[in-house]
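Colleague: A structural model of the following input is requested.
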Amino acid sequence: MSIPHLAEVRSALVDELMKAGGIGKRQDVIERLAQRFQLTAAEREMKDPSGGRTFDHAVDSAVVGLREVGWMEPPEESGRGIWKLTPDAIENLEGTRTLRVKSAAEATEIAQSFVKKYRAVARPIKAVREGDSWLVELDVGPILVLIGKVKIDAQSGNVLEYDIPST
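Modeller: Residues are numbered from 1 along each chain as shown. As a prediction, this is how the structure comes out:
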């Protein structure tokens, strides 16, 4: 598997912190996320241009984004190396079944990121909400039209099932 898209990382990060009671040590959470995304040792060690681990950097970017919207405590509040969801975030997540994938564009972005792990071509055709999931259709054929389908959970942003035809 390749490094997941930022939206997938952000969704999984919130989910993992909720499972841990809203708080977790940075390194423990990163390891759980790497396992969740089934990253290989080589993928975990991939470096970005700054010399840091690419996946760790993606997770840190997700944390920054969540802090900016008030969903995670700043390090001054949670402590260095500790990630903690804010009370508002926990109340929001526990009080309602928050949809993490709210639009066809978001669902399509997740589906394209997923399909591009297997195919070089992934042109969007349509995305339709069906209850608690999104069904995204993509043209995965390099020349002829081949329809690939990806079903995404609207609450978690996780891929539930997929069908990618062979060429």
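Colleague: helices or strands up against the lowest-mean-pLDDT helix or strand in the chain?
Modeller: The weakest-scoring helix or strand in the chain, judged by mean pLDDT, DSSP states H and E, is helix 87-95 (a mean of 75). Counting contacts by 3 or more C-beta pairs under 8 Å, 6 or more residues apart in numbering; DSSP states H and E, helix 87-95 packs against helix 6-19. The C-beta positions use only the backbone N, C-alpha and C, and glycine is treated the same way.
Colleague: can you tell me the average pLDDT over the helix it packs on?
Modeller: Model confidence over helix 6-19 averages 89 on the pLDDT scale.
Colleague: all the helices of the chain, residue numbers only.
Modeller: 6-19, 26-36, 41-45, 54-68, 75-78, 87-95, 104-115 (DSSP state H).
Colleague: so for the first one, what gets flagged as buried?
Modeller: For helix 6-19, burial by neighbour count (16 or more other C-beta atoms under 10 Å) applies to Ala7, Glu8, Val9, Arg10, Ser11, Ala12, Leu13, Val14, Asp15, Glu16, Leu17.
Colleague: ok, now the fourth one?
Modeller: Under the neighbour-count criterion of 16+ other C-beta under 10 Å, helix 54-68 has Thr54, Phe55, Asp56, His57, Ala58, Val59, Asp60, Ala62, Val63, Gly65, Leu66, Arg67 buried.
Colleague: what's that helix in contact with?
Modeller: The contact list for helix 54-68 (C-beta atoms under 8 Å, 6 or more residues apart in numbering) reads 3-4, 6, 9-10, 13-14, 29-30, 33-34, 37, 39, 43-44, 46-48, 50, 72-74, 83, 89.
Colleague: show me which of those residues are buried.
Modeller: Buried among the contacts of helix 54-68 (16+ other C-beta under 10 Å): 3-4, 9-10, 13-14, 29-30, 33-34, 37, 39, 43-44, 72-73, 83, 89.
Colleague: one step back: so can I have TSV of the buried residues of helix 54-68 showing distance to Pro165 and pLDDT?
Modeller: Below are those laid out as TSV (distance: C-beta to C-beta, whole Å; pLDDT from 0 to 100):
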residue	distance to Pro165	pLDDT
Thr54	30	88
Phe55	30	91
Asp56	35	92
His57	34	91
Ala58	30	91
Val59	33	93
Asp60	37	92
Ala62	32	91
Val63	38	92
Gly65	35	88
Leu66	37	90
Arg67	42	90
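Colleague: possible to save the residues you listed as CSV with distance to Tyr162?
Modeller: Converted to CSV, the buried residues of helix 54-68 look like this (distance: C-beta to C-beta, whole Å):
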residue, distance to Tyr162
Thr54, 24
Phe55, 22
Asp56, 27
His57, 27
Ala58, 22
Val59, 24
Asp60, 29
Ala62, 23
Val63, 28
Gly65, 26
Leu66, 27
Arg67, 32
